[in-house]
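>>> Let me see the structure of the following:
(2 chains)
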Amino acid sequence: MIITGIGSNGGIGVTTLMANLFIKLSELGKDVYWLSLSNLVPPVFFKKELAWLEYDAVLREVPLWTKNNCKFCDTCLKACNCGAMARYGEFYVIYSELCISCSACVYACKKNSIQLSNKRIGFIEQSNLNHRIFRVNLNQREIFSSWHCQTIIENMQKKLPKHAVILIGFPSGFRELWADLIQLSDKIIFYTNDIYTWEMLYKSISHDQADMILAVNSDYYDLFIERGYSFGFAIPHTKEISIEAIQGYAVSDEAYQQVVKELAYTLNV
Amino acid sequence: MREILLVSDKGGTGKTTLMKMLVEIVGGNAVYADCTFTSSWRHITEVLQEDIFYLGQEAVVDEFACMGCGDCEDACKFKAIRIVRGQAQIIKQNCTGCGHCLQICPTGALSLQDIIGGKIVQKRSNEAIIVYGVLQYYPKNGIRPVRIVRDKAWDVLISYQKKMLISEAYPGWTRLTLSLVPFANILMPIVEPHPQVFEFLTKIKEYQNTYRCNIALIVNKCDLNPTVSDEILEAYPEWNILTIPYSEIYMKSSFEALKKFVLPLIV
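Okay, here's the model as predicted:
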């Protein structure tokens, strides 16, 4: 089972919530794993003596240009939708950090001088302190794009035991991943303070894809109840909680722990 | 003309709040571009202009020509086509407009069509002009709307003859942010002192070497983890660094310090 935490804005505490949920679920004796879709892990899991072990490679199909038959007609340049191709004299360059591997250029080229090739762009790494914590670390020039998300998650599901619960954390900047993650995950915890974004998302997804669980900052909770979304969880938010989160401790606040406990039972994993 | 770009390694370090402070400090000298498609500027009432923008292309099915063979469903890399009751159906969010299905289709039922992605809004508050985008849905190729908003803001900058553009990127060092970085003269990263911040700062350092931009680093909420904030100050002595303590009213309390820090960058 895959559980994803999505935050509408950054920094409202979705990673802190997910990290505390991870701790609570492992206390309850569940088979939980953490997967970060970036090189950032929550400060709770980060210690000075932490080292990362190689677990699996991340492969990606990237178009490769060869000079063989090329007539320099620029059809591929026009076909590219995301500005990943450039021409320098008699030379085409493909910037793999901008490419989304849609292979539009491959189909556009009539001379077969562009072909797809597999490229290793990074690793899935495992923490040496806790073998249940993973992160995705890409090579320096590679940028995480929605294309990788699916292959990474499917590979992890194959490698881990069948009844494993995988918690996925990702920065709020990957907004283009939302469509993918909603399709791939079984349950989604959507943490928001903004009723406008919530309504847009809630109306736009089809509900056979995933269970949506709403979590709201307790200051904004009344606003959501007025609009009729009373099924959400109210998450407390104070300075003490932020200090504990940023310095790398589990949150000790009683009200917060109570909410996390309720959430863990609601998930029913 | 100069361009300042606000970036951060993770969400919630205070980019949008800083942007609102900059509107007060710099005022009418600049154009402000919010490339993040959030609703943070909705409260401003004075609207100058609204334009519709197109998000590339998308496949469209001709109902009469489609015979529901399902070749396109198998061929699509992004799972953007499914067959429902003997008809191909396009899932809007997943389609990237690569045009592969056009070549596979035996009856020629598919074609590409320009699609409306949303609108770009220009607003004015006390002589400061703010440009931001509203999306109809979150597309797979998120890089395109970001660039459209930034380019529109640059046109506005030229037509109003302002001195500089201040733009805000998505959090994280992703494709969305990277498409804006090469244009910036001054990069303004905002970070929180969490223990993993140095991985982000080394990447910034690398990009400074390739794109030759200036760096003005802001460490927000520095008192939450004082040991790490001190380490940042020691590690990068050549950058301009401002530290801002945590407060409930966000950065209002350190308005004067921010003014001293920002104004020399603008001349």
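
>>> which residue is nearest the middle of chain A?
Centroid-nearest residue in chain A, with Cα atoms, centre = their mean: A:Phe170, separated by 3.7 Å.

>>> Next one: the residue nearest to it when sequence neighbours are not counted from B:Thr45, what distance?
The shortest distance from A:Phe170 to any non-neighbouring residue, by Cβ to Cβ, 6 or more residues apart in numbering or on different chains, is to A:Leu37 (4.0 Å). Using the backbone N, CA and C atoms, a C-beta is placed for each residue, glycine as well. For A:Leu37, the distance to B:Thr45 (Cβ to Cβ, to the nearest Å) stands at 39 Å.

>>> So which of those two has more stuff around it?
Using other Cβ atoms under 10 Å in any protein chain shown as the criterion, A:Leu37 and B:Thr45 rank with A:Leu37 on top: 21 against 8.

>>> Which pLDDT value belongs to the more buried one?
If you check A:Leu37, the pLDDT there is 86.

>>> pretty sure it is touching A:Ile166, no?
No: contact criterion Cβ atoms under 8 Å: A:Leu37 and A:Ile166 do not qualify, at 11.3 Å.

>>> neighbours of the closest residue to chain A within the stretch 151-267 of chain B, just the number please.
In the stretch 151-267 of chain B, the residue that lies nearest chain A is B:Gly172 (3.2 Å; Cβ to the nearest Cβ). As a burial measure, B:Gly172 scores 26 neighbours (other Cβ under 10 Å).

>>> where does the chain dip in pLDDT?
Since no chain was named, I'll use chain A. A:140-141, A:143-147, A:173-176, A:205-209 (pLDDT under 70).

>>> I was after chain B.
For chain B (pLDDT under 70), the answer is B:138-142, B:248-252, B:267.

>>> Identify the residue of it closest to chain A, quick one.
Residue of chain B nearest chain A, by Cβ to the nearest Cβ: B:Gly12 (0.7 Å).

>>> list the contacts for that residue?
A:9-13, A:172, B:171, B:192 (Cβ atoms under 8 Å, 6 or more residues apart in numbering or on different chains).

>>> Quick check: it vs A:Ile12, distance?
6 Å.

>>> do the same with A:Ile243
Distance of A:Ile243 to A:Ile12, computed by Cβ to Cβ: 16 Å.

>>> neighbour-wise, which of the two wins?
Counting neighbours by other Cβ under 10 Å for A:Ile243 and for A:Ile12 shows that A:Ile12 has the greater number, 23 against 16.

>>> Next, A:Ile23: phi, psi?
phi -60, psi -40 (degrees, to the nearest 10).

>>> Figure out the length between the terminal residues of stretch A:60-80.
18 Å (Cα to Cα, to the nearest Å).

>>> is any part of that stretch close to chain B?
Yes: interface with chain B: stretch A:60-80 contributes A:Ala79 (Cβ under 8 Å from any Cβ of the partner chain).

>>> who touches that stretch?
Against stretch A:60-80 from outside (Cβ under 8 Å, 6+ apart): A:85-87, A:90, A:92-94, A:96, A:99, A:101, A:103-119, A:121, A:147-148, A:151, B:99.

>>> Show me what counts as buried in it.
A:60-63, A:65, A:70, A:76, A:79-80 (16 or more other Cβ atoms under 10 Å in any protein chain shown).

>>> now swap in stretch B:94-113 and tell me
Buried residues in stretch B:94-113 (16+ other Cβ under 10 Å): B:94-101, B:104-105, B:109-110, B:112.

>>> Among these, name the ones that also lie close to chain A.
B:94, B:96-100.

>>> Specify which member of these is nearest to A:Arg132.
A:Arg132 has its nearest neighbour among those in B:Asn94, at 31.4 Å by Cβ to Cβ.

>>> What is the neighbour count of the closest residue to that closest one other than its chain neighbours?
Among residues not flanking B:Asn94 along the chain, B:Ala80 sits closest, at 3.7 Å (Cβ to Cβ, 6+ apart). Other residues near B:Ala80 number 22, with proximity taken as other Cβ under 10 Å.

>>> so what's B:Ala80 up against?
B:59, B:90-91, B:94-96 are the contacts of B:Ala80 under Cβ under 8 Å, 6+ apart.

>>> and with 7 Å instead?
Going by Cβ atoms under 7 Å, 6 or more residues apart in numbering or on different chains, B:Ala80 touches B:90-91, B:94-95.

>>> Could I get the phi/psi values of it?
Torsion angles, degrees, to the nearest 10, at B:Ala80: phi -100, psi 0.
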